[in-house]
Structures are given as structure tokens and as C-alpha cells.
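S.K.: could you look at this predicted model? Sequence included:
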Amino acid sequence: MATVTERKKRAGRPAKAVKKEVRAAIRFTRAEYFIVKEKAAKAGMKASAYLRQLAIHSSVKPRLTDEERQYVRELIGFSNNVNQLAKKCHQEGFFKAALYFEGMGQDLDKILKKFKP
């Protein structure tokens, strides 16, 4: 006769292959929480799975560095220069203004190249 311990299976839920061991808490306002739950429901997921996927697979754009902010200021200054060139175009004629535009185009290219990695 076989013993009972040989035939007995383990009771309960089987162990998961990947265990989630770390717990992270997020605080929401009621309105924010319902928005998250609604978006998760549209995606067919629970809120926790939805937030996990967002945290892992989405990306956040970093803020501009001080150097990049300086380039943006230079570009804003160019808009003022374009207005001045339009005024020159009306006063002195198109061909003289076209020469100014040529120089500005080269300066603008230099600034835009600084933005590219």
C-alpha cells in the first residue's frame, strides 16, 4: 500500500515564474485616479498593469539644458531680425534685402546644427 505523502499534490495556487518583489506607491487625486482607470479599461488592462507598461515603455523628454535654452533665445532674436529685414526690403528694395537674408540663413543653419546631436 502506497503512503499518503507520495500521492498528495501541493494544494493552492502554483508559484509564479517571475515574482514582483518591489512595491512602489503613487499618490493620485480622485480625478487623476479615475482618468488612469478609464485609460486602463480602454486598453483592456488593470490600472497597475497599465501604469507598469507606461513606466517601462514610454519616455519622458528631458528639459532643455542651459546651452539649448541659449540657442532658443538666439532663434527668438532671429524673428526680430526677420521683421527688420522685411522693413529694409520695403525701404531699400528687394535685392539688398536678399543679401541680408542670405547671411541670416547661414547664421540660422549654424544654430540649428548645434541642436542636432
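M.R.: Ah, there it is.
S.K.: what's the separation between the residue nearest to Ala49 when sequence neighbours are not counted and Gln53?
M.R.: Nearest residue to Ala49 in three dimensions, chain neighbours excluded: Ala40, at 7.3 Å (Cβ to Cβ, 6 or more residues apart in numbering). Every residue, glycine included, has its C-beta placed from N, CA and C. Distance of Ala40 to Gln53, computed by Cβ to Cβ, to the nearest Å: 9 Å.
S.K.: ok, which stretches of the chain are helices?
M.R.: Counting by DSSP state H, one finds helices in the chain at the ranges 4-7, 30-43, 47-57, 66-92, 94-115.
S.K.: wait, which of the ones you listed is closest to Glu21?
M.R.: Nearest to Glu21 among the helices of the chain is helix 47-57; the distance by Cβ to Cβ comes to 13.7 Å.
S.K.: and the contacts of the closest one?
M.R.: Helix 47-57 is contacted from outside by Ile26, Tyr33, Val36, Lys37, Lys39, Ala40, Ala43, Met45, using Cβ atoms under 8 Å, 6 or more residues apart in numbering.
S.K.: burial check on the closest residue in space to Phe101 that isn't next to it in sequence, number of neighbours?
M.R.: Excluding the flanking residues, the one nearest Phe101 by Cβ to Cβ, 6+ apart is Leu85, at 6.2 Å. Counted with other Cβ atoms under 10 Å, residues neighbouring Leu85 total 18.
S.K.: residues contacting Leu85?
M.R.: Ala97, Tyr100, Phe101, Met104.
S.K.: now the two most distant members of the contacts of helix 47-57.
M.R.: Maximum distance among these (Cβ to Cβ): 17.5 Å, for Ile26 and Ala43.
S.K.: follow-up on the earlier one: just the closest of the contacts of helix 47-57 to Lys110, please.
M.R.: Using Cβ to Cβ, those come closest to Lys110 at Lys39, 43.1 Å.
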